[in-house]
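# Starting from these lines, generate the structure:
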Amino acid sequence: MNVYMVERSLKGIGLNELAGAQRAAIDKAAEMTSQGTTIGYIRSTFAPEDGRCMCLFEAEKPGDVEKLNDDAGIPYDRVVPALDLTPAA
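Predicted coordinates:
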């Protein structure tokens, strides 16, 4: 599996809307996985001051991540390969 970062511009979004978008991404990932496209939501980081949001997903290819976001109706600027540098415990 590869890691992809979804870059979003969400200036002015409320916390309830942001939580709804996160839930939609998680739910769509579970649905796609159950239908044979393995994809997983990792986490998001949101900067409310300027509305930048970065979301990490695990997937085989970037098109799977784009499809998830398109089907879930979550706006994004681009999907790029990324490295998840979370330190091991």
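
# Model confidence score at Asp50, please.
Listed pLDDT for Asp50 reads 92.

# isn't it right next to Leu10, touching?
No - here Asp50 does not reach Leu10: they are 9.6 Å apart, not a contact under C-beta atoms under 8 Å. For every residue, glycine as well, the C-beta is placed using N, CA and C.

# Compare those two (neighbour count), which wins?
Neighbours were counted for Asp50 and for Leu10 using other C-beta atoms under 10 Å; Leu10 has more, 20 against 9.

# And the pLDDT at that one?
92.

# Backbone dihedrals for it, please?
Here is the backbone geometry of Leu10 (degrees, to the nearest 10): phi -120, psi 40.

# What's the local residue count around Val79?
For Val79, the count of nearby residues is 21 (other C-beta under 10 Å).

# So for this structure, the centremost residue is which one?
Centroid check for the chain by C-alpha atoms, centre = their mean gives Cys55 as the closest residue, at 4.1 Å.

# Counting by contacts, list what the longest helix seen in the chain packs against.
Longest helix of the chain, by residue count under DSSP state H: helix 15-34. Applying 3 or more C-beta pairs under 8 Å, 6 or more residues apart in numbering; DSSP states H and E, one finds that helix 15-34 contacts strand 39-47, strand 52-59, helix 62-72.

# Lovely, talk soon.
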